[in-house]
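**Q** Predicted coordinates and the sequence they were generated for:
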Protein chains: 2
Amino acid sequence: MTRLPMYLDNVQGSIWLTEDEKENLKISYRIHQVLFEETSPFQHVMVVDSHTFGRMLVLDGIVQTTTLDGFIYNEMISHMPLSIHPNPRHVLIIGGGDCGAAQEAVKYESVEQVDLVEIDEAVVRACKAFMPEISGGPDSDPRIHFHYCDGVEFAKRYKNKYDVVIVDSSDPIGPAVQLFETSFYQSLYDILKDDGLMVCQSQSPILHQDIMVQSYKRISGLFPHVKMYTAVVPTYPGGLWSFTIGSKREIPKPEQIRFDKQAKYVNEGVLRSAFALPAFVEKLLGRAQ
Amino acid sequence: MTRLPMYLDNVQGSIWLTEDEKENLKISYRIHQVLFEETSPFQHVMVVDSHTFGRMLVLDGIVQTTTLDGFIYNEMISHMPLSIHPNPRHVLIIGGGDCGAAQEAVKYESVEQVDLVEIDEAVVRACKAFMPEISGGPDSDPRIHFHYCDGVEFAKRYKNKYDVVIVDSSDPIGPAVQLFETSFYQSLYDILKDDGLMVCQSQSPILHQDIMVQSYKRISGLFPHVKMYTAVVPTYPGGLWSFTIGSKREIPKPEQIRFDKQAKYVNEGVLRSAFALPAFVEKLLGRAQ
């Protein structure tokens, strides 16, 4: 019998991936096939083909993105800041090794360069080879530059360089904790041009209210203009997801947002409506101010 | 050792509920305690207290609603039609045995009577006793009238009687299949007054596109005015959920919608923005027309 990769089990002839990092909730996905497996210096990296969610990127046994619904997250984290900025030329993406946000960013003609800072080269390689629907496949737009290094360190290197920064981090566990710290947000403030803006994923309003409120508070302490928006992320427990924008100049009103790109999830109406926060989220943020 | 109810397993001293009706996806919830268990003439009914999602109503082993996020669904399925109708007086709810939609409906002073048609009295009894956050507890507003009978049969009994009908059905499996049939929508058309409107949950745009499109098509074939809206339902796989309105008179533009009730999820902005459909949903519905 062939050896099964870590995190997978053979149950009566079917292969299952069980996310069991959460003490009180386990989700098991039936898998057709393992397409990529490698233990990188940073983590265990897999791409598997699942029955329900299509191909899935799995890091240390946790599903990160799927071809069924990954486009929602990637479009929402990238098109919002890129539509808000009137002329985005230099874009920094921290994390985002699936290359999905970068693929969306190069839809903007004004964008001259996208610096994608991903600590783990194996993630990019796996997604380019086996998740072309998200990554765009092996050949990238030449405007995308890959930097395989620590995002926190990279953000300290420059000042006044980018129009838009997108923080596509994983959950605040292990090394990613730093991507939720005030000192990191300060680096982002400094690396942005005087009219620049950043966006970060700020976790689930249902399951991670503390982190969401903390991100909002920390970013509000640094940036003069801060706004939260939400989107649905079907394959993450907690489903509803929050994103926080910190901007050096005024954020346009929803009805002023324009969008004319081709996308699967995002259109002008979706971008405008994403700022309508649920009553309980408004309450949580109100208390934070 | 005490006998564990159906659908629960003891794994090394912890109690787990595993939804395994889906061939390719299993979700397991760690349970503190079973609060209610009964095998009714229709199904196995449980209320359990879970670690992650609070109390959960479980029918035949499938989680139906939770105290953590059930308010989102209940508010979205009820406040949208009740805000759109200028003067809702008579409301019919088909399904909705958790009483959550009925609790929202009686927030409207204009509402004189809510007929709640739930086939299974045990569901109402369980939720009234053990999920007061959703059901409102044992004492109901006297305007809520309970009818323990088949919703399809009930809908055939009257003509021209209701201002608003809310179809809070379970998934189209087993008996609930009928709640997605054209003949049922025809009964709803007939039971509505000349300026009435109905809303039904029309499944996940991610995981059940066929059913969503079919509901939209069937309702469009009967009602002159049809609109879809979406909401997030974190504890349902597929996360994003669709609702379809069929109305006898014109549905107001989103910006005309007013809302002044107290709610946890819904506010005016949320109601207005819910009509902004994702690009791929617009495409699916466009093809259906």
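**A** Good, I have the coordinates.
**Q** ok now do the residue nearest to the spatial centre of chain A, which residues does it touch?
**A** Centroid check for chain A by CA atoms, centre = their mean gives A:Asp168 as the closest residue, at 3.0 Å. For A:Asp168, the residues meeting the contact criterion (CB atoms under 8 Å, 6 or more residues apart in numbering or on different chains) are A:Ile77, A:Ile93, A:Ile94, A:Gly95, A:Gly96, A:Ala101, A:Gln201. All C-beta atoms are positioned from the backbone trio N, CA, C, and that covers glycine.
**Q** The nearest residue to the third one once chain neighbours are set aside and A:Tyr73: what is the separation?
**A** I take that to be A:Ile94. Take A:Ile94 and drop its neighbours on the chain: the residue closest to it by CB to CB, 6 or more residues apart in numbering or on different chains is A:Gly151, 3.8 Å away. Using CB to CB, to the nearest Å, one gets 18 Å for the distance from A:Gly151 to A:Tyr73.
**Q** name the element A:Val79 belongs to?
**A** Quick fix: residue A:79 reads His, not Val. A:His79 belongs to helix A:70-84 when assigned by DSSP states H and E.
**Q** Mind giving me the packing neighbours of that helix?
**A** In terms of contacts (3 or more CB pairs under 8 Å, 6 or more residues apart in numbering or on different chains; DSSP states H and E), helix A:70-84 is packed against helix A:100-105, helix A:132-135, strand A:162-168, strand A:192-201, strand A:225-232, strand A:240-247, helix A:268-273.
**Q** Go again with 6 Å.
**A** helix A:100-105, strand A:162-168 (3 or more CB pairs under 6 Å, 6 or more residues apart in numbering or on different chains; DSSP states H and E).
**Q** Mind putting the ones you listed into a markdown table with mean pLDDT?
**A** Compiled in a markdown table, those are given as follows (pLDDT from 0 to 100):
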| stretch | mean pLDDT |
| --- | --- |
| helix A:100-105 | 98 |
| strand A:162-168 | 97 |
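**Q** Just put those in a markdown table and tack on distance to A:Pro5.
**A** Converted to a markdown table, those look like this (distance: least, CB to CB, whole Å):
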| stretch | distance to A:Pro5 |
| --- | --- |
| helix A:100-105 | 23 |
| strand A:162-168 | 25 |
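**Q** who's in contact with A:Thr230?
**A** Residues touching A:Thr230, when contacts are defined by CB atoms under 6 Å, 6 or more residues apart in numbering or on different chains, comprise A:Leu240, A:Ser242.
**Q** and if you look at A:Ala126?
**A** A:Ala126 makes contact with A:Phe36, A:Val45, A:Val47, according to CB under 6 Å, 6+ apart.
**Q** I'd like to know which of those residues are buried.
**A** Neighbour-count burial (16 or more other CB atoms under 10 Å in any protein chain shown) is assigned, among the contacts of A:Ala126, to A:Phe36, A:Val45, A:Val47.
**Q** The last one contacts A:Phe36, doesn't it?
**A** Think A:Val47. Yes - A:Val47 is in contact with A:Phe36 according to CB atoms under 6 Å; the separation is 4.0 Å.
**Q** which neighbours do these two share?
**A** In terms of CB under 6 Å, 6+ apart, A:Val47 and A:Phe36 are both contacted by the residues A:Ala126, A:Phe130.
**Q** pLDDT weak spots in chain A?
**A** Regions of chain A meeting the criterion pLDDT under 70 cover residues A:1-2, A:21-22, A:287-289.
**Q** Show me it divided up by domain.
**A** Split into domains by automatic domain parsing, chain A comes to A:8-64, A:70-288.
**Q** for the longest one, the distance to its chain's centre please.
**A** The one in question is domain A:70-288. The gap between where domain A:70-288 is centred and where its chain is centred comes out at 6 Å by CA atoms, centre = their mean, to the nearest Å.
**Q** Remind me which helix or strand A:Glu38 belongs to.
**A** A:Glu38 is part of strand A:25-39, with elements assigned from DSSP H and E.
**Q** Can I get that strand in PDB, CA atoms only?
**A** As requested, the backbone C-alpha atoms of strand A:25-39 are provided in PDB (Å, rounded to 0.1, in the frame of the first residue of the first chain):
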ATOM      1  CA  LEU A  25     -14.700  21.400  15.500                       C
ATOM      2  CA  LYS A  26     -13.400  18.900  12.900                       C
ATOM      3  CA  ILE A  27     -14.000  19.200   9.200                       C
ATOM      4  CA  SER A  28     -13.200  16.200   7.000                       C
ATOM      5  CA  TYR A  29     -13.000  16.400   3.200                       C
ATOM      6  CA  ARG A  30     -13.000  13.400   0.900                       C
ATOM      7  CA  ILE A  31     -10.100  13.500  -1.400                       C
ATOM      8  CA  HIS A  32      -9.700  12.100  -4.900                       C
ATOM      9  CA  GLN A  33      -6.000  12.600  -5.300                       C
ATOM     10  CA  VAL A  34      -2.900  14.200  -3.800                       C
ATOM     11  CA  LEU A  35      -1.300  16.400  -6.500                       C
ATOM     12  CA  PHE A  36       1.600  17.900  -4.600                       C
ATOM     13  CA  GLU A  37       3.300  17.200  -1.300                       C
ATOM     14  CA  GLU A  38       6.400  18.600   0.100                       C
ATOM     15  CA  THR A  39       7.800  19.500   3.500                       C
END
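**Q** which is the next helix or strand following that strand?
**A** Defined by DSSP H and E, the subsequent element after strand A:25-39 is strand A:44-50.
**Q** For chain A, list the residues in contact with chain B, please.
**A** Of all the residues in chain A, those in contact range of chain B (CB under 6 Å from any CB of the partner chain) are A:24-28, A:30, A:51-52, A:69, A:206, A:232, A:234, A:238-240, A:263-265, A:267, A:269-270, A:273, A:276, A:278-280.
**Q** Pull out the buried members of those.
**A** Neighbour-count burial (16+ other CB under 10 Å) applied to the residues of chain A next to chain B gives A:25-28, A:30, A:52, A:69, A:206, A:232, A:234, A:238-240, A:263, A:265, A:267, A:269-270, A:273, A:276, A:278-280.
**Q** Tell me how many other residues crowd the residue nearest to A:Met131 when sequence neighbours are not counted.
**A** Nearest in space to A:Met131, with sequence neighbours left out and distances taken as CB to CB, 6+ apart, is A:Arg55 at 5.3 Å. Counted with other CB atoms under 10 Å in any protein chain shown, the burial measure for A:Arg55 works out to 23 neighbours.
**Q** residues in contact with A:Arg55?
**A** Contact analysis of A:Arg55 by CB under 6 Å, 6+ apart lists A:Val47, A:Asp49, A:Thr67, A:Met131.
**Q** What distance do you get for the first one to chain B?
**A** Summarising the geometry, the distance separating A:Val47 from chain B, computed by CB to the nearest CB, to the nearest Å, is 17 Å.
**Q** Equivalent analysis for the third one, please.
**A** Distance, A:Thr67 to chain B, by CB to the nearest CB: 12 Å.
**Q** Relative to B:Asn24, how far out is that residue?
**A** Here the criterion is CB to CB. By it, A:Thr67 lies 15 Å from B:Asn24.
**Q** just the last one next, same as before
**A** Between A:Met131 and B:Asn24 the distance, using CB to CB, works out to 19 Å.
**Q** swap in the second one?
**A** Here the criterion is CB to CB. By it, A:Asp49 lies 12 Å from B:Asn24.
**Q** now the first one
**A** Computed as CB to CB, the A:Val47 to B:Asn24 distance reads 17 Å.
**Q** quick one on the thing from earlier: so in terms of bridging, what pairs with the residue nearest to A:Met131?
**A** On the basis of DSSP bridges, A:Arg55 takes part in beta bridges with A:Asp49.
**Q** Equivalent analysis for the one 10 residues further on, please.
**A** According to DSSP bridges, the partner residues bridging A:Thr65 are A:Leu57.
**Q** What is the most widely separated pair among the contacts of A:Asp168?
**A** Every pair in the contacts of A:Asp168 was compared (CB to CB); the two farthest apart turn out to be A:Ile93 and A:Gln201, at 12.0 Å.
**Q** A:Phe184: what secondary structure?
**A** When states are read from DSSP: H, G, I helix; E, B strand; the rest coil, the local structure at A:Phe184 comes out as helix.
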